[in-house]
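**Q** Below is the sequence, then the predicted model.
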Amino acid sequence: MIFFVIGLGRFGSTLARSLHEKGVEVIAIDKDSARIEEIEDFVSKAYVMDATNEKALSSVGVKDADGIVVCITSDIEASIMTCMILKDKGVRKIMAKAGSELHAKILRKVGVDRVIFPEQEMAHRLAESIYSPHIFEVIDLSPEYSILERITPKFMEGKVIRDTKLRTKYGVYIIAIKRKFPIVKEDGKTSVEEKIFIAPSADEEILKGDVLVLLGKKENIDKFRDQ
Amino acid sequence: MNVKENIEELIDQAKILLFSQNYKEAEKILKKILKLDKDNVDALYHLGILYETVNEHEKAEEIYLKILEKDPDNKETKERMERLKNEKF
């Protein structure tokens, strides 16, 4: 898998390093040579380049990328031009970081596949975690459906899935259970391990502390989240 | 049976309950041990593990901190604290 990260500010460089750590081939681009020097040991390739230069971008093989993330917010013009060039080159998937609503709107018009607002997204998640500490994550799959990741509510502890009547009463489906187990390591010490049960059977018992991954219509997920 | 032997037996019982995922009973016994010996690191550590397993992270952290107060170099406990920090919430 080949990914380009263009713009190596704090967000871009963290993203590039993190992807590379996961085994993705990462090509990092920035016009600032100091930033390239800083990251070159942590990615597959790093180029000092002005990403608004069409010829230069073509020369590094952007067309072959599985995805490109444009992380330029300080210079909106450069961000938009870069995305337009990439779109023009037929890049499979373009994601871009937006610094404002207007910036995001333009990026969408240009045809960017995914516009990212990291600060806003993090702020929403933090607000969620402060307000509802039992909620780990809510992912919007579409305007209609969401996935909710939450700690098992008390009323479900010790029940088998069939008896929880989640489908009939709440209209939500358990698609996975994340469960921790105490284990004994090779050195004899006790530790904790997590296992994930995908599509658990209706006879699976739900234990205290289980993290349930639930799928459902947004209104149903919203009803269930505060249980 | 003296207190020490009694505690050792209770710890064995608590571990069996913990590993068989009977957390409610395991917690009761670990707390009983701590009433007899509030500084018992083995009981504290396994109570921390229990809370971590059921995703009660604040309680787990509290217990691990107690251990580190008594034994600041306790490697396993330090590792557990590090893991808790890296959990989502």
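**A** Looks like it came in fine.

**Q** So which bits of chain B are right by chain A?
**A** B:15, B:18-19, B:21, B:23-24, B:45-46, B:49-50, B:52-56, B:76, B:80, B:83, B:88-89 (CB under 8 Å from any CB of the partner chain). The C-beta positions use only the backbone N, C-alpha and C, and glycine is treated the same way.

**Q** Longest helix in chain B, please.
**A** Ordering each helix of chain B by length in residues (DSSP state H) puts helix B:3-19 first.

**Q** List the buried residues in that one.
**A** By 16 or more other CB atoms under 10 Å in any protein chain shown, the buried positions in helix B:3-19 come out as B:7, B:10-11, B:13-15, B:17-18.

**Q** could you dump these to TSV with pLDDT?
**A** Formatted as TSV, the buried residues of helix B:3-19 follow (pLDDT from 0 to 100):
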residue	pLDDT
B:7	90
B:10	95
B:11	94
B:13	95
B:14	96
B:15	95
B:17	95
B:18	95
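
**Q** thinking again about what came up before, what is the longest helix of chain B packed up against?
**A** Counting contacts by 3 or more CB pairs under 8 Å, 6 or more residues apart in numbering or on different chains; DSSP states H and E, helix B:3-19 packs against strand A:172-184, helix B:23-36, helix B:41-53.

**Q** ok, back up a step: let's see the ChimeraX selection covering just the buried ones among the residues of chain B next to chain A.
**A** Selecting the buried subset of the residues of chain B next to chain A in ChimeraX, with 16+ other CB under 10 Å as the burial test, is done by:
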select /B:15,18,21,23,45,46,49,50,52,53,54,55,56,76,80
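
**Q** circling back: so, if you compare the buried residues of helix B:3-19, which one comes nearest to residue A:41?
**A** residue B:18 (43.8 Å; CB to CB).

**Q** ok, for the closest one, nearest residue in space, not its chain neighbours?
**A** residue B:26 (4.2 Å; CB to CB, 6 or more residues apart in numbering or on different chains).

**Q** what's stretch A:195-210 in contact with?
**A** Residues from elsewhere that reach stretch A:195-210 (CB atoms under 8 Å, 6 or more residues apart in numbering or on different chains): A:151-152, A:156-162, A:164, A:174-181, A:212, B:21, B:23-24, B:53-56.

**Q** same thing with stretch A:152-163?
**A** A:134, A:164, A:174, A:200-212, A:227.

**Q** Filter the residues you listed down to the buried ones.
**A** So, by 16+ other CB under 10 Å, the buried ones in these are A:134, A:164, A:174, A:200, A:204, A:206-212.

**Q** ok so, going back, turn the helices and strands packed on helix B:3-19 into a markdown table, columns for distance to residue A:99 and mean pLDDT.
**A** Formatted as a markdown table, the helices and strands packed on helix B:3-19 follow (distance: least, CB to CB, whole Å; pLDDT from 0 to 100):
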| stretch | distance to residue A:99 | mean pLDDT |
| --- | --- | --- |
| strand A:172-184 | 35 | 93 |
| helix B:23-36 | 47 | 95 |
| helix B:41-53 | 39 | 96 |
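
**Q** among these, which is the most enclosed?
**A** helix B:41-53 (a mean of 23; mean count of other CB atoms under 10 Å in any protein chain shown).

**Q** other SSEs contacting that helix?
**A** Right, helix B:41-53 is packed against strand A:172-184, strand A:190-198, helix B:3-19, helix B:23-36, helix B:57-70, helix B:75-86 by 3+ CB pairs under 8 Å, 6+ apart.

**Q** Next one: residue A:218 from residue A:177, what distance?
**A** Residue A:218 sits 22 Å away from residue A:177 when distances are taken as CB to CB, to the nearest Å.

**Q** Show the backbone phi and psi for the closest residue to chain B within chain A.
**A** Here chain A gets closest to chain B at one residue, residue A:209, 3.1 Å apart by CB to the nearest CB. Main-chain torsions, residue A:209, degrees, to the nearest 10: phi 90, psi -10.

**Q** before we move on, what about residue A:135?
**A** The phi/psi pair for residue A:135 (degrees, to the nearest 10) is phi -90, psi 130.
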